[in-house]
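S.K.: Provided below for reference: sequence and predicted model.
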Amino acid sequence: MNLYELTIHEAHNLLKSREISSQELTKSVLDRVESVEPRVGSYITVAGETAMTQAELADKAIAKGNITHLTGIPLAIKDLICTKDLRTTCASKILENFVPPYDAFVIKKLKKAGAVIVGKVNMDEFAMGSSTEHSGIKLTNNPWDLSYIPGGSSGGSAAAVAADMCLGSLGSDTGGSIRQPASYCGVVGMKPTYGRVSRFGLVAFASSLDQIGPLTKNVTDCAVLMNAISGYDAGDSTSVPMDVPDYTTFLEKGLKGVKIGIPREYNALSGLDAEVSEAVKNAVKTIEGIGAECVEVSLPHSEYAVAAYYVIAPSEASSNLARYDGVKYGLRDKNKNDLIEMYKSTRSMGFGSEVKRRIIIGTYCLSAGYYDAYYRKASQVRTLITEDFKKAFKSCDVLLSPVAPTPAFKTGERTEDPLKMYLSDIFTLSANLAGIPGMSVPCGFSSQGLPIGLQIIGKHFNEEKMIKVAYNFEQATDFHNKKPVL
Amino acid sequence: MEFEPVIGLEVHAQLKTDTKIFCNCSTSFGAPPNTHTCPVCLGMPGMLPVLNKKVVEYTIKMALATNCKIEHKSRFARKNYFYPDLPKGYQISQYEFPIAQFGYIDIEVGDYSKRVGITRIHMEEDAGKLSHDPGRPISLVDFNRTGVPLMEIVSEPDIRSPEEAGNYLRQMRSIVRYLGICDGNMEEGSFRCDANVSIRAIGTEQFGTRAELKNLNSFKHVEKALHYEINRQKEIVFHGGKVVQETRLWDPVANSSKSMRGKEEAHDYRYFPDPDLLPLIIDENWIDAVRKTLPELPAEKKKRFITEYGLPSYDADVLTASLATANYFEDCLKIFPGSKTVSNWIMGSLMGLLNAEGKTIEQSPISSQNLAQLLRLIKEGVISGKIAKVIFEDMAKTERAPDKIVKEKGLVQVTDVSAIEKIILKVLADNAKEVDDYRNGKTKLLGFFVGQVMKNTKGKANPKIVNDVLKEKLGK
């Protein structure tokens, strides 16, 4: 077995018993990156040298008996999460050469835990997209079929995990950006409760929806990374001062007494692929078979989620992206002497079409005379959607649904039709609007051999229950053991 | 037709917190450009604001001092516009849900007093500062001021004259200084004011179209600019024209204003709640705790000075204009309980001295203790009022205590009647002709004899004794 194929937990055990060193492990991952990166295209920046230095330090720490679950573990970081002295582009031309002088809170935590950062991975520009095709830097291909997209926006993370180009990855999820690519690439992805993980150092797309989370090879690793990144940060006013449970203690067998809710409205959605529907139904049966009880629930305002989301997210984005004006850092058109001309030219050159589209939509929605009809109305819908979930969770512990209506689609297939692209987030973005946690676990393959994901949605700050359900499902199936051939 | 002006004022007060409103950078003034900055106030990618509680506390103080209703839940909002001094491309402010509303203050203008309503008070961050290079086509930006906390106080359109506006501002400044939350320095920009002005026919209810005046950076200019604006609008209406809604910039050199932008060019700031900051929750306990720290405010203090010390309204006004002056006055009274005498000396000699030296009362070379002692020396007859002036000047220069100066210079008043008698007899002997003249009815000459005696005693003789003895001797 190649070291790069290990899960985090497996590698940890081998490091702990000194059967392998972090330098060997990291070298193996870097070699793997070198060999498959030209086909997959996950990495924007490979930090080989610093990774090896970090691995060396990890080995020294381990030799002294200082080992955490992440000491010496090579991870890939979405290029939207700031890393000190390591270029952070947000997959945008406007920040192509931006090197942050600070670490994001989660990066500080990972570094403190002794993790090795292999590099920064691709995404849709500023996390706006569902296919990673909107990257301003490069294209990422789905490891299961290189002519397909890996999903997005954390497509680089999902592809890197699926192709064994890292042992685990951090992504961010604003409307499904962790779960949907996890589903498309056959890996585990978790969007934690809003406020569970600090957003300090996460470059903002839509501040009230963004949340950092892990993409991993299995549920155990998801619990390990969740342990590492969760927790209150005084530097993020929206992070919540609440104790974090040890998520790995919920990796236990048995689902007796667990109530599973199946949203009635999700089955009626048009555009739901038959194979996806079938795979999810089978997954529900499997979970029932382990001892969980299934109930039908209703989320009556689901049909308005996409509309509300595509008002709120672009509105916040239009404001969040105003700082990229060529004055302080990043791209600047130096040929323009007039201020307004410099603004216009810099932003025209620096932003891609999808980012521009959303800035324009958001600017419109917040404008005088339109604010009440769009932003305020969407915020009201958001409250209704949150109430829907609260009611549904009175009769169940977690909800199950597809992650996306279809498996991964072909590169270029939906770029001309933004609406169709937006609809691929239909099952995921409600969780962001409500601030609740959502997770994707592999639950099957299409006839073409593309992975399908099952979504588990939980109550606020109840990630442990989702991890328990996901772990039991994983133990009862072997979808997670299948690997793409590269 | 008679017109009356309708004026509303927006005051921006820079709060005297040690650190900025959303990061830990220093707020101190005068540092080299861009040295009081960090990734948060520079608007770097991924950085988040964390509210400085001190800013909230200071604003609660102001809200209590101006009789506002403090909202238990308020929100920060983003005001979006592009400008190089605004690193995030938006200013964090409050919009729909300000921290405090529905207040008022009472002001006095000449012989009447009136109540001016406070529409709202809110918190926001300041922007940076641009400087334009005159030699090259470039501008430089200094972000030291970016994120310095500001408190905006918006009045109701209750003000009816430039004088009322001036007094409203003076009263506001006095309150923020009493509270110790703002320097209140208009020239340095820590206390700024914009004015909304319109005119209407007296007796009508409806407001006219208003113009907003900016760049009013001294009390003098506020009143001047308002007079100018009211006359400008009257001229327009008298000539059958219509006032247009616009923002006008006051030019203090030209003593006139010019249009900055019209209604059509007004910004659409696209306000929306800042998702990076949770709603601000203020409970009664917090408000009560802040209430307990409130000092006696200028209006209350003035009333007390009139009733407790029997001072005229004018004196009470001057002495309570700043907390330091009021404290100085009361400190003096502890040693020398003659309130009107103390008031006269502070308003006269002391303020004259401070004005001449460009000092504040905190920087006074003469401490309250020393001034009070000086007054006691006069009262006790140790020195004369005339000598006191000399000692006062010495105190101003040397900062010494008056009794030391008296001792060192031998300025103790001569009250020994026999000693004075001796001198008087000598003076009378030396001026026999004048003595004859006096006795023949030229009683005006008394002053001459007093002068001679004083000259002989270097001013130290007790004037009352001198007078009495002189009259007695000359009467013979």
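M.R.: Here it is on my side, so go on.

S.K.: Which residues of chain B lie near chain A?
M.R.: B:39, B:42-51, B:78, B:80, B:82, B:84, B:87-90, B:137, B:141, B:268, B:270-272, B:275-278 (C-beta under 8 Å from any C-beta of the partner chain). The way it works is simple: take the backbone N, C-alpha and C, and place the C-beta from them, glycine included.

S.K.: Now list the buried members of the residues you listed.
M.R.: Buried by 16 or more other C-beta atoms under 10 Å in any protein chain shown: B:39, B:42-51, B:78, B:80, B:82, B:84, B:87-90, B:141, B:270-272, B:275-277, out of these.

S.K.: Check which residues of whichever strand or helix holds B:V390 are buried.
M.R.: B:V390 is part of helix B:385-398 when elements are defined by DSSP states H and E. By neighbour count on 16+ other C-beta under 10 Å, the buried set for helix B:385-398 is B:I387, B:A388, B:V390, B:I391, B:F392, B:D394, B:M395, B:A396.

S.K.: Check stretch A:375-395 too.
M.R.: A:Y375, A:K377, A:A378, A:S379, A:V381, A:R382, A:I385, A:T386, A:D388, A:F389, A:A392, A:F393.

S.K.: Is it correct that the third one is in contact with A:V311?
M.R.: In this case it means A:A378. Yes: between A:A378 and A:V311 there is a contact under C-beta atoms under 8 Å: 3.8 Å.

S.K.: Any chance you could list residues touching both of those two?
M.R.: Counting by C-beta atoms under 8 Å, 6 or more residues apart in numbering or on different chains, the shared contacts of A:A378 and A:V311 are A:C365.

S.K.: circling back to that earlier point, show me the two of the buried residues of stretch A:375-395 that sit farthest apart.
M.R.: A:Y375 and A:F393 (27.2 Å; C-beta to C-beta).

S.K.: Check which helices and strands the helix holding B:V390 sits against.
M.R.: helix B:368-379, helix B:402-409 (3 or more C-beta pairs under 8 Å, 6 or more residues apart in numbering or on different chains; DSSP states H and E).

S.K.: Spell out the secondary structure type for residue 152.
M.R.: I went with chain A, as the question did not name one. coil (DSSP: H, G, I helix; E, B strand; the rest coil).

S.K.: actually it's chain B I care about, not the one you picked
M.R.: Per three-state DSSP, B:E152 ends up strand.

S.K.: and it, how far is that from B:K442?
M.R.: The gap separating B:E152 from B:K442 is 73 Å, by C-beta to C-beta, to the nearest Å.

S.K.: For these two, work out which one has more neighbours and name it.
M.R.: Set B:E152 next to B:K442 and count neighbours by other C-beta atoms under 10 Å in any protein chain shown: B:E152 wins out with 19 against 12.

S.K.: That one contacts B:L15, doesn't it?
M.R.: No: assessed by C-beta under 8 Å, B:E152 is found out of contact with B:L15, at 11.0 Å.

S.K.: I'd say A:P300 and A:E387 touch.
M.R.: No: between A:P300 and A:E387 there is no contact under C-beta under 8 Å: 9.7 Å.

S.K.: neighbours around residue 343, how many?
M.R.: Because you didn't say which chain, this covers chain A. By other C-beta under 10 Å, the residues close to A:Y343 number 22.

S.K.: if you could check chain B rather than the one you did, that'd help
M.R.: B:S343 has 22 neighbouring residues, counting by other C-beta under 10 Å.

S.K.: Who are the contact partners of it?
M.R.: With C-beta under 8 Å, 6+ apart, B:S343 has these contacts: B:Y309, B:L311, B:D315, B:L319, B:F329.

S.K.: By neighbours, which of those residues wins?
M.R.: Counting by other C-beta under 10 Å, top hit in these: B:F329 with 26 neighbours.

S.K.: What segments of the stretch 51-200 of chain A are helices?
M.R.: Here the stretch 51-200 of chain A has its helices, by DSSP state H, counting those that start in this stretch, at A:105-112, A:155-162, A:179-185.

S.K.: tell me the contacts of A:A206?
M.R.: A:T174, A:I312, A:A313, A:P314, A:E316, A:A317, A:N320, B:P275.

S.K.: Three-state assignment for it, please.
M.R.: coil.

S.K.: Kindly provide the distance from it to A:I312.
M.R.: Relative to A:I312, and taking C-beta to C-beta, A:A206 is found at 7 Å.

S.K.: any weak-confidence spans in chain A?
M.R.: Filtered on pLDDT under 70, chain A yields the residue ranges A:268.

S.K.: And the helices in the stretch 351-486 of chain A?
M.R.: Applying DSSP H, counting those that start in this stretch to the stretch 351-486 of chain A gives helices spanning A:353-366, A:377-392, A:418-423, A:429-434, A:463-476.

S.K.: so which of the ones you listed comes closest to B:K422?
M.R.: Using C-beta to C-beta, the nearest of those to B:K422 is helix A:353-366, at 94.8 Å.

S.K.: What residue, apart from its backbone neighbours, is nearest the closest residue to chain B within chain A spatially?
M.R.: Using C-beta to the nearest C-beta, A:A322 is the residue of chain A that sits closest to chain B, at 2.4 Å. Nearest non-adjacent residue to A:A322, counting by C-beta to C-beta, 6 or more residues apart in numbering or on different chains: B:G89, 2.4 Å away.

S.K.: so what's that neighbour up against?
M.R.: B:G89 touches A:S319, A:L321, A:A322, A:R323, A:D325, B:G43, B:N80, B:Y81, B:F82, counting by C-beta under 8 Å, 6+ apart.

S.K.: Longest helix of the chain, counting residues only.
M.R.: Unless you meant another one, I'm taking chain A. When chain A is parsed with DSSP state H, its longest helix is helix A:22-40.

S.K.: right idea, wrong chain: chain B
M.R.: Assigned via DSSP H, chain B shows its longest helix as helix B:219-238.

S.K.: What residues sit buried inside it?
M.R.: Going by neighbour count (16+ other C-beta under 10 Å), the buried part of helix B:219-238 is B:219, B:221-226, B:228-230, B:232-233, B:237.

S.K.: Roughly how far does the residue in chain B that chain A sits nearest to sit from B:L350?
M.R.: Distance from chain A to each residue of chain B (C-beta to the nearest C-beta) is smallest for B:G89, at 2.4 Å. From B:G89 across to B:L350, the span is 51 Å (C-beta to C-beta).

S.K.: before we move on, the earlier item: narrow the buried ones among the residues of chain B next to chain A to those in strands?
M.R.: Using DSSP state E, the subset of those located in strands is B:R78, B:N80, B:Y90, B:V141, B:F272.

S.K.: how about those residues in a markdown table, adding pLDDT?
M.R.: Output for those, formatted as a markdown table (pLDDT from 0 to 100):
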| residue | pLDDT |
| --- | --- |
| B:R78 | 98 |
| B:N80 | 97 |
| B:Y90 | 98 |
| B:V141 | 96 |
| B:F272 | 97 |
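
S.K.: what's the neighbour count on A:L202?
M.R.: Neighbour count of A:L202, defined by other C-beta under 10 Å: 27.

S.K.: That one reaches B:M47, doesn't it?
M.R.: No: assessed by C-beta under 8 Å, A:L202 is found out of contact with B:M47, at 10.1 Å.

S.K.: now the end-to-end length of stretch B:356-371.
M.R.: The separation between the terminal residues of stretch B:356-371, taken as C-alpha to C-alpha, to the nearest Å, is 18 Å.

S.K.: taking the mean pLDDT, what do you get for it?
M.R.: Mean per-residue pLDDT for stretch B:356-371: 93.

S.K.: who touches that stretch?
M.R.: Stretch B:356-371 is contacted by residues B:322, B:324-325, B:327-329, B:331-332, B:335, B:342, B:345-346, B:350, B:353-354, B:392, B:395-397, B:399-402 when judged by C-beta under 8 Å, 6+ apart.

S.K.: 10 Å instead, please
M.R.: B:322-336, B:342, B:345-346, B:349-351, B:353-354, B:373-374, B:391-392, B:395-405 (C-beta atoms under 10 Å, 6 or more residues apart in numbering or on different chains).
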